[in-house]
Structure formats: structure tokens, C-alpha cells
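Undergrad: Okay, structure incoming, though there's no sequence with it:
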């Protein structure tokens, strides 16, 4: 009976670890990957193409110039 409980506990543990690994998000693309034209800033169009929402873009655009610098990009979710 104890062996059954141990095996059940191990099964639950490994299932939880497996789920945690698959539930992680993919790494954020680098600034250079998103800045397709290489001008040193990310436009709203480049951000949208990279999957960054308009709300996240506006929130990260601290100076309100319509583009993201490398420092501002660090604040994108």
C-alpha cells in the first residue's frame, strides 16, 4: 500500500514539473530582431508585427514620440 502511495506521489510530482515547463512563455525577441529597418528604434508597425499589443507599446513609449528606444523596449511585457 505504501508503494502505491509513493508511486502516485511521484506521478503527480512529475506531471506538475512537466506542466510547468510547457506553461512558460517564449523568450522576448531582441530589439534588433524587431527593428527591421535598423534605424535604432521600434515603430508601432514593427512592434505590431512582432506581436506587441498597442496598449503595451503605448505604455512603454515613455516620451510619447511614437517609437521605442532600446531602454523603452525593456519595459514591454
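TA: Alright, I've got the coordinates. Just so you know, these numbers come straight off a predicted model, no measurement behind them.

Undergrad: what number of residues lie near the nearest residue to residue 47 once chain neighbours are set aside?
TA: Leaving aside its sequence neighbours, residue 47 sits nearest to residue 57 (Cβ to Cβ, 6 or more residues apart in numbering; 4.7 Å). Every C-beta, even on glycine, is put in place using the N, C-alpha and C of the backbone. Applying other Cβ atoms under 10 Å, we find 22 residues neighbouring residue 57.

Undergrad: residues contacting residue 57?
TA: Taking Cβ atoms under 8 Å, 6 or more residues apart in numbering as the criterion, residue 57 is in contact with 44, 47-48, 68, 76.

Undergrad: Next one: it from residue 42, what distance?
TA: 8 Å (Cβ to Cβ, to the nearest Å).

Undergrad: Overlap in contacts, these two.
TA: residue 68.

Undergrad: quick one on the thing from earlier: tell me which of the contacts of residue 57 has the lowest pLDDT.
TA: Among the contacts of residue 57, residue 76 has the lowest pLDDT, at 89.

Undergrad: How about the contacts made by it?
TA: 28, 47, 52, 56-57, 60, 68.

Undergrad: rerun at 10 Å
TA: 28, 31, 34, 42, 47, 50, 52-53, 56-57, 59-61, 68 (Cβ atoms under 10 Å, 6 or more residues apart in numbering).

Undergrad: From those, which land in helices?
TA: 31, 34, 47, 56-57, 59-60 (DSSP state H).

Undergrad: For residue 76, see how far away the residue nearest the centre of the chain is.
TA: With distances taken as Cα atoms, centre = their mean, residue 28 lies nearest the centre of the chain, 4.5 Å away. Applying Cβ to Cβ, the value for residue 28 to residue 76 is 7 Å.

Undergrad: Identify the contacts common to these two.
TA: In contact with both residue 28 and residue 76: 34, 50, 52, using Cβ under 10 Å, 6+ apart.
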